[in-house]
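A.B. asks: Using only what follows, build the 3D model:
(2 chains)
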Amino acid sequence: MIWNEHYECMERESLLKLQGTRLKDMVERVYYSVPFYRTRLQEKGIEPGDIQTIDDLRKLPFTTKQDLRDNYPFGLFAKPQQDVVRLHASSGTTGKSTVVGYTHNDIMMWSEVVARSLTMIGATRDDIIQVAYGYGLFTGGLGLHYGAEKIGASVIPISGGNTKKQLQLMEDFGSTLIACTPSYAAFLGEALIEEKIDPASIRLRAGIFGAEPWSEEMRAQIEKLLRIKAYDIYGLSEIIGPGVSMECPCQKGMHIFEDHFIPEIINPDTCEVLPYGELGELVFTPATKEAMPLIRYRTRDLTRLHAEKCDCGRTLVRMEKCVGRSDDMLIIRGVNVFPSQVESVLLEMSETKPHYLLVVDRHNNLDILEVQVEVDEQFFSDEVKELEDLRRRIRANIASVLGLHAEIRLVEPGTIERSMGKAQRVVDKRKIH
Amino acid sequence: MIIKQLSVFLENRTGRLTELTGILAANDINISAFSIADTADYGILRMIVGRPEQAADVLKNHGFAVKVTEVVGMIVPHKPGGLHHALQIISDNNVAIEYMYAFASGECNATVIIRADSLEKLIAVLQEHKMELLQKGDVYQL
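C.D. replies: Numbers count the residues shown, from 1 in each chain, chains lettered A, B, ... in the order given. Here you go, the predicted structure:
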């Protein structure tokens, strides 16, 4: 099923023309309302009039996460606060979040793309959707929520966690769809077996999973445990949140809603734009965004785009599952983690030195983060209670910065490998790709 | 009265303690007494050795986290009630023991190594009650 055939099945030529018009409009808006972009464009000698068609996109400068941090919190907003109706934020380095804002129209557009995503996998007003993504600053919960209401489905805004309640409501309310992180879906599937709930009493038929990387093996596992079809959704708060792209039943990649989010693939080292089919870094220009329209935002996600028309009838390009990142960001239980955040925590504490290693693993389908920290010989206490107290404090500080529980392992000095160049800070044992 | 103890941070890794004892052996350093406080991930080795400063340097050079800590060595009669009598004195005088370990050698006496919140007070209390304390000279060659 297709929610908005006009845009989802548009001829490529018309779509490119539409993108050009929207891009031109957006560049004009940011030029006159965001000092940061005006300066950037002027530095490159670009005036709004220079952008006429979609082919002019590559003349424009890129935007990075660092730019968002440098302009924290509202520096990149193109609308006054009075027009901003919603703020979301994701964790960032040095404890500062990446803040995103939405106007009323932005929320409408977001609801529209999530409505398209849900309809893509056959959701209708006959469905009961259990939204088990976190509600709050994270975009997952509210993003799915508004889209599900738009199509007229019944929403259960249960948010994440509270597994017993999830299972109870799933059974009692007869949820037909569930949206959450894939790791939580697998966890729920196993809990279902542990609680000895009769699968026949569960009406679930499909799930919408995203916000963290997952593999085809994990998809098979979730489908088997929950007896559902598992679909991949992609998004990031800087662009809108979930609903930037969504997998259709043909499962040949995720359709990007290109009338709103203009995609490009670039070589992350040279920034050269790559043709369809080639692996590179995904870049988005959310041309219709009002509150925070970013120009050529570098997602750091590595993937390929395919433009051949899909069997589902959509002409929108499809992006493959991301195969990795061009920076060192980790996504753990849906939370963005940069090793530098852990480093800043350790540097702030006087008893520790910034020699650390992050070990990420997946036990029972839940991501586990272990932070190995070297004991500094200068501050090493020979009393267990003091070392345990140090461990507790590191754990608390990391939790407050990352919003994530980490196990702290104290190791001997000098055992974490030093390197002259880029230090190996992360060991990811999860088998995702 | 105060004697020097080496405290070493050790990861729970097979062979790690053997590496340490090997280094001390190669440097001709004798271990008189030791104990290990262990947790799930790591242990703290505490030991009395001959030439503690030199031993600390040697271990540091081999990458161990080593600290020289101060403790008191107390000699108690090697017979029923010997330790109890000493501990009674210590607790009656409100000295808190952080940790302790002991060894008995021969027929007559046992040696107890004690780390307390106040070593000065511990020494004063023990001397007042005529308890025998280890002296620097004899301790490292027990």
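A.B. asks: Output the longest strand belonging to chain B.
C.D. replies: Scanning chain B for the longest strand, with DSSP state E as the assignment, gives strand B:65-77.
A.B. asks: Going by proximity to chain A, name the top residue of chain B.
C.D. replies: Minimum separation of chain B from chain A (Cβ to the nearest Cβ) falls at residue B:7, amounting to 3.2 Å. Yep, even glycine has a C-beta here, placed from its N, CA and C like the rest.
A.B. asks: which phi and psi does that residue have?
C.D. replies: Backbone dihedrals for residue B:7, given as degrees, to the nearest 10, come out at phi -110, psi 130.
A.B. asks: Flag every residue of the stretch 301-433 of chain A that's near chain B.
C.D. replies: A:375-377, A:380-384, A:387-388, A:409-415 (Cβ under 8 Å from any Cβ of the partner chain).
A.B. asks: Filter those residues down to the ones in helices?
C.D. replies: Of those, the ones assigned to helices by DSSP state H are A:384, A:387-388.
A.B. asks: I'd like these laid out as TSV, including pLDDT.
C.D. replies: Shown next, in TSV, are those (pLDDT from 0 to 100):
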residue	pLDDT
A:384	88
A:387	90
A:388	92
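A.B. asks: And the strands in chain B, which stretches?
C.D. replies: For chain B, the strands defined by DSSP E occupy B:2-11, B:31-38, B:42-49, B:65-77, B:97-104, B:109-116, B:132-133.
A.B. asks: Could you dump the ones you listed into a markdown table with mean pLDDT added?
C.D. replies: Listed next are the strands of chain B as a markdown table, based on pLDDT from 0 to 100:
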| stretch | mean pLDDT |
| --- | --- |
| strand B:2-11 | 92 |
| strand B:31-38 | 91 |
| strand B:42-49 | 93 |
| strand B:65-77 | 92 |
| strand B:97-104 | 90 |
| strand B:109-116 | 91 |
| strand B:132-133 | 90 |
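A.B. asks: For chain B, give me its nearest residue in the stretch 151-300 of chain A.
C.D. replies: residue A:187 (24.6 Å).
A.B. asks: Grab the nearest non-local neighbour of that residue.
C.D. replies: residue A:365 (4.8 Å; Cβ to Cβ, 6 or more residues apart in numbering or on different chains).
A.B. asks: From residue A:155, how far out is that neighbour?
C.D. replies: Using Cβ to Cβ, to the nearest Å, residue A:365 is found at 25 Å from residue A:155.
A.B. asks: likewise residue B:118?
C.D. replies: Plainly put, residue B:118 is 64 Å away from residue A:155 if you go by Cβ to Cβ.
A.B. asks: higher neighbour count, the two?
C.D. replies: A direct count of neighbours by other Cβ atoms under 10 Å in any protein chain shown for residue B:118 and residue A:155 places residue A:155 higher, at 18 against 12.
A.B. asks: What sits closest to that one if chain neighbours are left out?
C.D. replies: residue A:148 (4.8 Å).
A.B. asks: quick one: pLDDT of that neighbour?
C.D. replies: pLDDT, residue A:148: 98.
A.B. asks: Kindly tell me how buried it is, as a neighbour count.
C.D. replies: Quick note: residue A:148 (other Cβ under 10 Å) scores 29 neighbours.
A.B. asks: Just to check, it is in contact with residue A:128?
C.D. replies: No - counting by Cβ atoms under 8 Å, residue A:148 does not reach residue A:128; the two are 9.5 Å apart.
A.B. asks: Could you list the low-pLDDT ranges of chain A?
C.D. replies: In the predicted model of chain A, residues A:91-96, A:418-423, A:431-433 satisfy pLDDT under 70.
A.B. asks: Residue A:403 contacts residue A:333, doesn't it?
C.D. replies: No - in this structure residue A:403 lies outside contact range of residue A:333 using Cβ under 8 Å: 9.6 Å.
A.B. asks: Show me which of those two is the more surrounded one.
C.D. replies: More crowded of residue A:403 and residue A:333, by other Cβ under 10 Å: residue A:333, with 21 against 17.
A.B. asks: Chain neighbours aside, what residue packs nearest to that one?
C.D. replies: residue A:367 (4.9 Å).
A.B. asks: Identify the bridge partners of that neighbour.
C.D. replies: residue A:362 (DSSP bridges).
A.B. asks: residues near it, how many?
C.D. replies: 21.
A.B. asks: wait, what's in contact with it?
C.D. replies: Shown in contact with residue A:367 (Cβ atoms under 8 Å, 6 or more residues apart in numbering or on different chains): A:183, A:212, A:332-333, A:360-361, A:430.
A.B. asks: quick revisit: how many other residues sit next to the residue of the stretch 151-300 of chain A closest to chain B?
C.D. replies: Neighbours around residue A:187, by other Cβ under 10 Å: 19.
A.B. asks: Now it: phi and psi?
C.D. replies: The phi and psi values for residue A:187, taken as degrees, to the nearest 10, are phi -60, psi -40.
A.B. asks: how close does it get to residue B:29?
C.D. replies: 53 Å.
A.B. asks: same thing with residue A:108?
C.D. replies: When residue A:108 is compared with residue B:29 (using Cβ to Cβ), they lie 76 Å apart.
A.B. asks: So if I had to pick from those two, which one is more boxed in?
C.D. replies: Each of residue A:108 and residue B:29 has its neighbours counted (other Cβ under 10 Å); residue B:29 has more, 20 against 12.
A.B. asks: Just the pLDDT for that one.
C.D. replies: You'll see residue B:29 listed with a pLDDT of 94.
A.B. asks: check contacts around the most centrally placed residue in chain B.
C.D. replies: Note on chain B: the residue nearest the mean C-alpha position is residue B:113, at 4.5 Å, using Cα atoms, centre = their mean. By Cβ under 8 Å, 6+ apart, residue B:113 lies in contact with B:5, B:33, B:35, B:46, B:48, B:71-73, B:100-102.
A.B. asks: residue contacts, the closest residue to residue A:353 other than its chain neighbours?
C.D. replies: Leaving out its chain neighbours, the residue that sits closest to residue A:353 by Cβ to Cβ, 6+ apart is residue A:376, at 5.1 Å. Counting by Cβ under 8 Å, 6+ apart, residue A:376 touches A:351-353, A:413, B:65.
A.B. asks: In strands only, show me those residues.
C.D. replies: Using DSSP E, the contacts of residue A:376 in strands are residue B:65.
A.B. asks: can you put the contacts of residue A:376 in CSV and add distance to residue A:292 and neighbour count?
C.D. replies: Shown next, in CSV, are the contacts of residue A:376 (distance: Cβ to Cβ, whole Å; neighbours: other Cβ atoms under 10 Å in any protein chain shown):
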residue, distance to residue A:292, neighbour count
A:351, 40, 17
A:352, 36, 21
A:353, 38, 17
A:413, 45, 19
B:65, 48, 25
